[in-house]
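Student: Build me a model from this:
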Amino acid sequence: MARSRELPSALALLSIAVLLHWAEGEWLTAWRGLLRNLLGAASNLDVNAFYPAMRWTTLSMVTWAGPALAAAFAISAFGLVAQGGVVIAPEAFEPKWERFNPAGNLSKTFSVGGLSPLLKSLVPAAFLLYMAIAILRRDWLQLIHATQMGLPSAMHWLAGVLYEFSWKAGMVLLAWSVADYGLQRWNYERSLRMSKQDIRDESKETEGNPTTRGRIRRRRREMRRRQMMQQVRRATVVIANPDEFAVALEYIPEKMPAPLVLAKGRGELAQKIKREARWREIPIVENKPLAQALYRTVEVGGTIPAKLYTAVAEVLAFIYRAQARMRADAERRPNSPGPAGSTTGRGPQR
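Tutor: Residues are numbered from 1 along each chain as shown. Below is the predicted model:
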């Protein structure tokens, strides 16, 4: 969790300073009474005064320091809760003998991770030292002549100096702890980011290895191409651009409202479609604009758009006329070899 260790300490210091300053009269009276009782017991040289002296001291400590310590504890707990709450790790309580190894502890202390907290603590310490020197320089004359003051005046002045240093030190530590918390939060969020290798590993776990996925995609493309080449057998005509495009169309007037694109290809795939068409004796018509338009506007399994009806109809009419002439010639020459059954030529150009 992102948290600053200095924040609870800064809040506790400020709370104690404010509480002591607010109850200054009460704790001065309490300590004056304690000092009077102890000096009185000591002046009487009473051996039996030891236990009353201990009781007076303990009672004064509890009544004076108790509220301050309770306030400091409550404020520190608030600082912990504000940074994400209290987290208890049971495994941290398990005894581990390597923790008692001095060599291991020294290596952790003088490592980069161990020196980082030390270097961070030197920054606020430098500010506190500078502030203490500035207060001493400012009140140097009063400090020198403090012996000429009365005891109440000297104690009051010393308490004021200590209170000033305490609340200023608390503010410095609070500002530094807020900055440290922001830095810890930034580092924590950075540590949660995934590296490129982590992203690749997660992608492998969730979606599979990229090499395997690429091989699967290639297999799927090959299967689609084989299926498409099998559909070329049903084609009525193949409209081609001699060097680049080839589109296989099927049209059955009684069953289809418009010609259907069975297969299309470019480059090497187009040459395979034309070779399959020649092998199956399917007519191939070279019409560059129509082949390019069909390739770019119609997907495999779709019918041709209405704007291409006229151009495709002219090609089909050309094919039907050519096949009719071939059948008529075959009927007039019954003893001659039969027609090839296919027409390869150039259809009407658009």
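Student: can you give me the helices in the stretch 201-350 of the chain?
Tutor: Here the stretch 201-350 of the chain has its helices, by DSSP state H, counting those that start in this stretch, at 210-231, 268-279, 288-297, 309-332.
Student: what angle separates the last one from helix 288-297?
Tutor: Between the axis of helix 309-332 and that of helix 288-297 there is an angle of 120 degrees, by axes from the mean of the first three to the mean of the last three Cα atoms, to 10 degrees.
Student: So what's the gap between helix 309-332 and the chain middle?
Tutor: Relative to the chain's own centre, helix 309-332 is displaced by 66 Å; criterion: Cα atoms, centre = their mean, to the nearest Å.
Student: what about Thr29, how many neighbours?
Tutor: Here the number of neighbours of Thr29 (other Cβ atoms under 10 Å) works out to 10. Heads up, the C-betas are built off the backbone N, CA and C, glycines and all.
Student: just the one 5 residues further on next, same as before
Tutor: Counted with other Cβ under 10 Å, residues neighbouring Leu34 total 17.
Student: Show me how the record splits this structure into domains.
Tutor: Using automatic domain parsing, the domains assigned to the chain come out as 6-83+109-192, 233-345.
Student: Quick check: which of these is buried the most?
Tutor: Of all these, domain 233-345 has the most neighbours on average by mean count of other Cβ atoms under 10 Å, namely a mean of 17.
Student: picking up where we left off before, for Arg219, which of the domains of the chain is the nearest?
Tutor: Arg219 lies closest to domain 233-345 among the domains of the chain, at 16.3 Å (Cβ to Cβ).
Student: Do you know the pLDDT at Leu249?
Tutor: pLDDT, Leu249: 90.
Student: ok, so what distance separates it from Arg218?
Tutor: Look at Leu249 and Arg218: by Cβ to Cβ, to the nearest Å, they are 28 Å apart.
Student: got the domains of the chain as TSV, with distance to Arg200 columns?
Tutor: Converted to TSV, those look like this (distance: least, Cβ to Cβ, whole Å):
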stretch	distance to Arg200
domain 6-83+109-192	18
domain 233-345	32
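Student: Please report how far Met326 lies from Leu38.
Tutor: Counting by Cβ to Cβ - Met326 and Leu38 are separated by 134 Å.
Student: Same check on Phe318?
Tutor: 126 Å.
Student: one step back: of the domains of the chain, which shows the lowest average pLDDT?
Tutor: Comparing mean pLDDT across the domains of the chain, the weakest is domain 6-83+109-192, with a mean of 77.
Student: coming back round to it: how about the helices of the stretch 201-350 of the chain in CSV, adding distance to Ile88?
Tutor: Shown next, in CSV, are the helices of the stretch 201-350 of the chain (distance: least, Cβ to Cβ, whole Å):
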stretch, distance to Ile88
helix 210-231, 42
helix 268-279, 66
helix 288-297, 67
helix 309-332, 78
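Student: Tell me which other helices or strands the longest helix seen in the chain touches.
Tutor: The residue-count maximum for a helix in the chain (DSSP state H) belongs to helix 151-192. Counting contacts by 3 or more Cβ pairs under 8 Å, 6 or more residues apart in numbering; DSSP states H and E, helix 151-192 packs against helix 6-22, helix 24-43, helix 112-138.
Student: that older thread, so which of the domains of the chain is nearest Arg224?
Tutor: Nearest to Arg224, of the domains of the chain and by Cβ to Cβ, is domain 233-345 at 8.3 Å.
Student: before we move on, back to that, can you give me the angle the longest helix of the chain makes with helix 112-138?
Tutor: Using the same axes, to 10 degrees: helix 151-192 against helix 112-138 is 150 degrees.
Student: From the chain's centroid, how far away is helix 151-192?
Tutor: For helix 151-192, the distance to the chain centre is 34 Å (Cα atoms, centre = their mean).
Student: Could you do stretch 253-267 as well?
Tutor: The answer for stretch 253-267 is 49 Å, by Cα atoms, centre = their mean.
Student: what's it in contact with?
Tutor: 228-229, 231-232, 234-236, 244-251, 272-273, 294-295, 298-304, 306, 309, 312, 316 (Cβ atoms under 8 Å, 6 or more residues apart in numbering).
Student: And for stretch 242-250?
Tutor: Taking Cβ under 8 Å, 6+ apart as the rule, stretch 242-250 contacts 231-232, 234-240, 256, 259-267, 269-271, 273-274, 277, 282, 286, 288, 291-292, 294-295, 298, 304, 312.
Student: closest one to Thr212 among the domains of the chain?
Tutor: So among the domains of the chain, domain 233-345 is nearest, using Cβ to Cβ, at 24.6 Å.
Student: how far is that closest one from where the chain is centred?
Tutor: Distance, centroid of domain 233-345 to centroid of chain: 55 Å (Cα atoms, centre = their mean).
Student: Need the nearest residue in space to Leu7, chain neighbours excluded.
Tutor: Nearest non-adjacent residue to Leu7, counting by Cβ to Cβ, 6 or more residues apart in numbering: Ser177, 3.8 Å away.
Student: For the one you found, give me its contacts.
Tutor: Applying Cβ under 8 Å, 6+ apart, the residues near Ser177 are Ser4, Glu6, Leu7, Ser9, Ala10.
Student: these two touch, right, Pro67 and Leu19?
Tutor: Yes - between Pro67 and Leu19 there is a contact under Cβ atoms under 8 Å: 6.7 Å.
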